[in-house]
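Student: Give me a model of this one.
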Amino acid sequence: MIRLFVGLGNPGPAYEGTRHNAGFWWIDALAARLGARLVPERAYQGLLARVDRPGAPAVWLLEPTTYMNRSGVSVAALARFFKIPPEQILVVHDELDLPPGQARLKRGGGSGGHNGIKDCQHMLGSPDFWRLRLGIGHPGDRAEVVDYVLRKPAPEQRDAIVQAIERTLDAAAPMLDGAMDQALARIHAKPPRPKPPRRDPARAGADSAAQPRADMRPPASPDDAADAAGAAGTMRIPR
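Tutor: Presented below is the predicted three-dimensional model:
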């Protein structure tokens with residue numbers, strides 16, 4: 001089960017709507033869904049909310065305010081104090097290698113060059129935590145990545161990211177219950193293909209009636225019959 005949900009980002013109004021803060025957006029949405037309120041917590045250098053569940057351990061929502069590159073300081077401090085192992089931690093972050101609107105869930109692995117993930121691995125002493133990667137797209141040039149992630153997405157890109165957040169929030173319930181296979185299935189499920197529009201039977205019948213039938217040909221004229229007979233008389237039959 002997941003006991004600590006972490007969203008990565010940078011604090012302050014200047015970064016609020018930037019691509020790099022997609023992890024914060026996800027935690028904000030989860031807090032709203034669970035009826036929790038994030039408040040500053042100096043001991044853990046972040047915004048923190050506690051969610052109590054009957055008959056189950058408390059769940060924590062965390063947005064580190066250490067800036068992205070030192071996110072692990074906040075995550076490790078809380079995890080150590082409440083004895084939460086890496087496999088019970090989910091870190092949500094922006095992902096350059098996925099287009100806006102896509103999301104992927106995995107456990108462990110490398111940092112993929114993401115400094116926030118890299119610091120979490122270092123401070124936790126393990127890469128064995130869960131990550132939810134929210135696609136933000138790639139600028140196409142590595143030299144533009146830093147400016148790209150610190151800029152606000154275009155409206156259509158933001159809409160796609162928000163839709164991915166809403167869709168992946170449905171996986172929070174199985175995560176809380178420890179059903180990570182179900183969470184994976186929900187997040188990685190392909191959206192249903194749109195059904196073709198249904199044809200109006202009355203309109204379809206009218207269209208069929210309006211089309212000429214192949215067997216409704218005008219009667220052949222005498223001249224046509226003579227031409228056909230002549231053509232048959234000159235046809236060569238292969239030996």
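Student: State the pLDDT value of the closest residue to Gly101 other than its chain neighbours.
Tutor: Of all residues not flanking Gly101 in the chain, Ala160 sits nearest, at 3.5 Å (Cβ to Cβ, 6 or more residues apart in numbering). Every residue, glycine included, has its C-beta placed from N, CA and C. Per-residue pLDDT puts Ala160 at 98.
Student: contact partners of the strand or helix carrying Ala160?
Tutor: Here Ala160, judged by DSSP states H and E, is contained in helix 155-168. By Cβ atoms under 8 Å, 6 or more residues apart in numbering, the surrounding residues in contact with helix 155-168 are 17, 19, 22, 25-26, 29, 99-103, 105, 132, 134-137, 152-153, 186-187.
Student: Sort out for me which of those residues are in helices.
Tutor: Among the contacts of helix 155-168, the members falling in helices (DSSP state H) are Ala22, Trp25, Trp26, Ala29, Arg186, Ile187.
Student: can you redo those as TSV with neighbour count?
Tutor: Formatted as TSV, the ones in helices among the contacts of helix 155-168 follow (neighbours: other Cβ atoms under 10 Å):
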residue	neighbour count
Ala22	29
Trp25	22
Trp26	32
Ala29	17
Arg186	19
Ile187	22
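Student: which of the residues you listed lies closest to Asp147?
Tutor: Here the nearest of those to Asp147, counting by Cβ to Cβ, is Ala22; it sits at 16.4 Å.
Student: Mind checking the pLDDT average for stretch 31-48?
Tutor: What stretch 31-48 shows for mean pLDDT is 97.
Student: CA atoms only: put it into PDB for me.
Tutor: The C-alpha coordinates for stretch 31-48 follow below in PDB (Å, rounded to 0.1, in the frame of the first residue of the first chain):
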ATOM      1  CA  ALA A  31      -6.000  16.500  -1.500                       C
ATOM      2  CA  ALA A  32      -9.200  18.000  -2.900                       C
ATOM      3  CA  ARG A  33     -10.600  14.500  -3.600                       C
ATOM      4  CA  LEU A  34      -9.800  13.200  -0.100                       C
ATOM      5  CA  GLY A  35     -11.000  16.400   1.600                       C
ATOM      6  CA  ALA A  36      -7.500  17.100   3.000                       C
ATOM      7  CA  ARG A  37      -5.700  20.500   3.500                       C
ATOM      8  CA  LEU A  38      -2.000  21.000   2.800                       C
ATOM      9  CA  VAL A  39      -0.300  23.200   5.400                       C
ATOM     10  CA  PRO A  40       3.300  24.300   5.800                       C
ATOM     11  CA  GLU A  41       5.300  22.000   8.000                       C
ATOM     12  CA  ARG A  42       8.800  23.200   8.900                       C
ATOM     13  CA  ALA A  43      10.000  19.900  10.300                       C
ATOM     14  CA  TYR A  44       9.700  18.300   6.900                       C
ATOM     15  CA  GLN A  45      10.300  21.400   4.700                       C
ATOM     16  CA  GLY A  46       7.100  21.100   2.700                       C
ATOM     17  CA  LEU A  47       3.300  21.400   2.500                       C
ATOM     18  CA  LEU A  48       1.800  18.400   4.300                       C
END
